[in-house]
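S.K.: This is a predicted model, with the sequence first.
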Amino acid sequence: MSEQGSFLTRLGKMDRRFMYVVILIAVSIPLLRPLALPLSVSPETRLFYDYVQSLPSGASVGLTFDCQPGALPELYPQMLAILQHLKARQTRMICVAFFAEGAMIAHNALTDVFGPPNSHPNYGKTFVNLGFIAGGETGMAAFAKSVKGAAPQDYYGNPTAKMEVLSGVDTAKDFALIIEFAYGTPGIPEIMRQMQSPYQVKIAAAATALIATQIMPYLKSGQMVGMLTGLRGAAEYENLIGKPGEAVAGMDAQSVAHVAIILAILVGNVGYYSERRKQKRSM
Amino acid sequence: MFTLIVFSFLYRDNRIYKLVEHIYLGFAIGVSAVMARASVTSIAWNQAMRGAWIWLLPIVVGLLFCFYFSKKHFWVSRIPVAFLVGGATGLAISGVVKAQILDQIRGTITLPILTAPNPVTAINNVLIILGVASTLLFFFFSRERKGIMGQAMLLGRIFVVVALGAAFGFIVMARMSLLIGRLQFLFKAPSLYLLPIALVALLVWITWDRRKARVSKA
């Protein structure tokens, strides 16, 4: 009994680095040898997909790349899947960033989907990267009020005034949908305040899991039309468009890591209560 | 290589990690500065050069920030701060009332219960209404926590705790996604070839570190 007690106590006082190794192994094995665990589609992702699917050909879709490289493991697979879907739907894609790094991220995502954007024959006709607009929420308000006024040049220095992709797109009201790749501030609350509420434009969020609970109320209240959450949202979307990619490959690892963490929480609690009981007995 | 060096922090803080951290910080600040300058040039400077002189006004006000470094004229740098705070607060408040208060209240009170499409949605909607009402009561401090009021406040507390748990669960999920993203990158060539070297370097470091600790103990 005392041996068992000391084992449980030792579990409670385990070196945190041992836990790092366990998590590393738990994540690595499914990445090297996929388990093909089943993946269901959440209602939030389904709403997002259905809305994009219902867009008519030629509809103007705004994509705001409001994230930093730290969010890319979650958001980049979402970006690729959504851009591929929009491309297949033949919508117009107007990319903009209110985070400084967002413009470069948009460039990389467009390159992966279309090839080098600036030399693409459809650049400026069906898609554009307007680059970074400084000012955070103020920049968002300026963009919503006058798209070409806030972005007189695109990311590559081309004038936007006579671009075909922006014909008929003057304010936020002219977008059929705005997809916000959300990571922090400015993000969903700001876009709600400056675009959804004053211009009644439809908003969909492609967000990191970190902020999912903060933005979920906007979906429940009907202020957003859909929402992708983290890597799981990306994996679900990849499955829906029939192009499984890196997100689907990462979902096995995510599931195994979660099981490892749940076990660690259980073990840690058993160790903690065993230690507490031991202390009470010795008093 | 930077990824592996950053991972070395998990064992212990070290100088190479610090170097990489500083390189990253410098790079991030540099990118932000260049992108902000490009945005100001594109939106304001180019238009001012085309004759729209009004665009010089925000540039001049922005330049007043430079007085931050002057001990004598520090107060001048407060002028652009006042513009920023005033403008941003005005913009935010004008949107908050509708987007984040009225629309949220309307969204909550119009949730269908009896006319919900299925029983699960109806239960979810009841939970949302109960959660909102009891959480608001939990933050109502003008009544003693007794009787029915106390029970409702306790329910609100439970909802707050559950919400925090859900938020923490999402945080864990987000952090795991970051690790998965990095490992997917590391398991591909050419970074895959660096892994054995990194492993050997880590083992050598741990051995050297432990020996050093033993010697200093002795």
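M.R.: Sure, I can see it.

S.K.: can you point me to the longest helix in the chain?
M.R.: Using chain A. Assignment by DSSP state H gives helix A:246-282 as the longest helix of chain A.

S.K.: That was the other one, I meant chain B.
M.R.: What stands out as the longest helix in chain B, according to DSSP H, is helix B:147-186.

S.K.: Tell me the gap between it and the middle of its chain.
M.R.: Its chain's C-alpha centre and that of helix B:147-186 lie 15 Å apart, by CA atoms, centre = their mean, to the nearest Å.

S.K.: which SS state does A:Lys243 fall under?
M.R.: Three-state assignment for A:Lys243 (DSSP: H, G, I helix; E, B strand; the rest coil): coil.

S.K.: Now it: closest residue in space, sequence neighbours ignored.
M.R.: Nearest residue to A:Lys243, sequence neighbours excluded (CB to CB, 6 or more residues apart in numbering or on different chains): A:Gln84, at 6.2 Å. Where C-beta positions appear, they are placed from N, C-alpha and C, glycine not excepted.

S.K.: Could you report the distance from the one you found to A:Tyr199?
M.R.: Counting by CB to CB, to the nearest Å, the gap from A:Gln84 to A:Tyr199 is 27 Å.

S.K.: which of those two has more neighbours?
M.R.: Applying other CB atoms under 10 Å in any protein chain shown to A:Gln84 and A:Tyr199 shows that A:Gln84 carries more neighbours, namely 18 against 15.

S.K.: Now do the contacts for that one.
M.R.: Contacts for A:Gln84 (CB atoms under 8 Å, 6 or more residues apart in numbering or on different chains) come out as A:Val113, A:Ile241, A:Lys243.

S.K.: hang on, the earlier thing: output the helix or strand hosting the residue nearest to A:Lys243 as PDB, restricted to C-alpha atoms.
M.R.: For A:Gln84, the host element (DSSP states H and E) is helix A:72-88. Output in PDB follows, covering the C-alpha atoms of helix A:72-88 (Å, rounded to 0.1, in the frame of the first residue of the first chain):
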ATOM      1  CA  LEU A  72      -0.800  29.500 -39.600                       C
ATOM      2  CA  PRO A  73      -0.800  25.900 -38.600                       C
ATOM      3  CA  GLU A  74      -4.500  26.300 -37.900                       C
ATOM      4  CA  LEU A  75      -5.500  29.000 -40.400                       C
ATOM      5  CA  TYR A  76      -3.400  28.200 -43.500                       C
ATOM      6  CA  PRO A  77      -5.200  24.900 -44.300                       C
ATOM      7  CA  GLN A  78      -8.500  26.800 -43.800                       C
ATOM      8  CA  MET A  79      -7.300  29.500 -46.300                       C
ATOM      9  CA  LEU A  80      -6.300  27.000 -48.900                       C
ATOM     10  CA  ALA A  81      -9.500  25.000 -48.700                       C
ATOM     11  CA  ILE A  82     -11.700  28.200 -48.800                       C
ATOM     12  CA  LEU A  83      -9.800  29.700 -51.700                       C
ATOM     13  CA  GLN A  84     -10.000  26.500 -53.600                       C
ATOM     14  CA  HIS A  85     -13.800  26.300 -53.000                       C
ATOM     15  CA  LEU A  86     -14.200  30.000 -54.000                       C
ATOM     16  CA  LYS A  87     -12.200  29.400 -57.200                       C
ATOM     17  CA  ALA A  88     -14.400  26.400 -58.000                       C
END
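
S.K.: per-residue confidence averaged over it?
M.R.: The average of the pLDDT scores along helix A:72-88 is 95.

S.K.: Now do that helix and helix B:147-186, the angle between them.
M.R.: Counting by axes from the mean of the first three to the mean of the last three CA atoms, to 10 degrees, helix A:72-88 lies at 80 degrees to helix B:147-186.

S.K.: what angle sits between the next helix or strand after helix A:72-88 and helix A:72-88?
M.R.: Later in the chain than helix A:72-88, the nearest helix or strand by DSSP H and E is strand A:92-97. Counting by the same axes, to 10 degrees, strand A:92-97 lies at 160 degrees to helix A:72-88.

S.K.: Can I get the helix or strand following strand A:92-97 in CSV? Just the C-alpha atoms.
M.R.: Stepping forward along the backbone from strand A:92-97, the first helix or strand reached (DSSP H and E) is helix A:102-114. Listed next in CSV are the C-alpha coordinates belonging to helix A:102-114 (Å, rounded to 0.1, in the frame of the first residue of the first chain):
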residue,chain,number,x,y,z
GLY,A,102,-1.5,39.3,-43.3
ALA,A,103,-0.7,40.7,-46.8
MET,A,104,2.3,38.3,-47.1
ILE,A,105,0.2,35.4,-45.9
ALA,A,106,-2.5,36.3,-48.5
HIS,A,107,0.3,36.4,-51.2
ASN,A,108,1.5,32.9,-50.1
ALA,A,109,-2.0,31.4,-50.0
LEU,A,110,-2.9,32.9,-53.5
THR,A,111,0.4,31.6,-54.8
ASP,A,112,-0.4,28.1,-53.6
VAL,A,113,-3.9,28.1,-55.2
PHE,A,114,-3.3,30.1,-58.4
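
S.K.: is chain B contacted by helix A:102-114?
M.R.: Yes: using CB under 8 Å from any CB of the partner chain, we find that helix A:102-114 touches chain B at A:Ala103, A:Met104.

S.K.: Name the residues of that helix that come out as buried.
M.R.: A:Gly102, A:Ala103, A:Met104, A:Ile105, A:Ala106, A:His107, A:Ala109, A:Leu110, A:Val113, A:Phe114 (16 or more other CB atoms under 10 Å in any protein chain shown).
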